[in-house]
Every structure is written in C-alpha cells, then in structure tokens.
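> Quick one, structure for this:
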Amino acid sequence: MKPYGRSPVRGASLVVVVLVVLLAAGLVAGCGGDADPFSGLYWEPSTGRRIEIRREGDAYRFYYGAGKRPYQAVRADDELRVVAPMGGEIVIRPAEEDGVLELVTGGTTSLLKPLPQHQ
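Next comes the predicted model:
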C-alpha cells in the first residue's frame, strides 16, 4: 500500500526545475533587453577620428576628436541624437554588423567600428 501524499523525490525534482527556470530567466534578462548598443570607444575609418560614447544614467556624452570635447546626446528609441556639435545634428544608430554603429551627419553616413576598451 502506498502512503498518502507526495513523493519527496518528486517534490525535490519540482524545486530543481523551478530553480533552473528562474536562473535561465535571470540570465536572459541580464544579457538582453536593456543592453546598451552605444557606449564604448569607436574608430571612424573614413576620417581616422576616435569617438567615445559614455552613458551617464539616462543621459549620454559624445566625445570626439583630439580635444575630446563632450557633447550631450539624447537617446530616442534605437538612435542617439547629438545636438549641434558643429552646427548640425548627428544621428548615431546600430549598423547591420554587430557592434558597429552608423554616424549620420549632413546627409552623409559613415561607420564607427568598436575599439578595445584599453586604447
């Protein structure tokens, strides 16, 4: 005759399954969703400029050129807009290639390629 109630093995198995599902959900939430595609160091091959984009809370700073002058950038969906650094607006958006950004200014588009963080 079987005892009434649940099997301790079945209960432990259920706990393990729930923990694995919660761990997987936590990893997905931590790796995806809120990833910042803009922050980092970049090189613009067409001009040789080094560009840095820093996230500071909800705001961004766009640094470029030898003087590394900071300009405020505002994120709107999947784009960063840098207001009037040289009299016009710059739009930065992810390119088709992973980790590469497009920089659009004055109707011209160039690519920003990532640099290692130690450069």
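> Distance check, L111 against Q72.
Distance, L111 to Q72, by CB to CB, to the nearest Å: 23 Å. C-betas here are computed from N, CA, C, even on glycine.
> Make sure D78 is actually in contact with I92.
No: contact between D78 and I92 fails when scored by CB atoms under 8 Å: they sit 9.9 Å apart.
> And those two? Which one has more around it.
Neighbour comparison, D78 and I92: the larger count goes to I92, with 25 against 10 (by other CB atoms under 10 Å).
> Could you report the pLDDT at that one?
As predicted, I92 sits at a pLDDT of 96.
> does it really touch T109, like I thought?
No: if you go by CB under 8 Å, I92 and T109 don't touch, sitting 10.5 Å apart.
> which neighbours do these two share?
102-103 (CB atoms under 8 Å, 6 or more residues apart in numbering).
> Contact partners for the nearest residue in space to P37 that is not next to it in sequence?
In space, P37 comes closest to P94 once its chain neighbours are excluded; the distance is 5.0 Å by CB to CB, 6 or more residues apart in numbering. For P94, the contact set (CB under 8 Å, 6+ apart) comprises 37, 78, 100-102.
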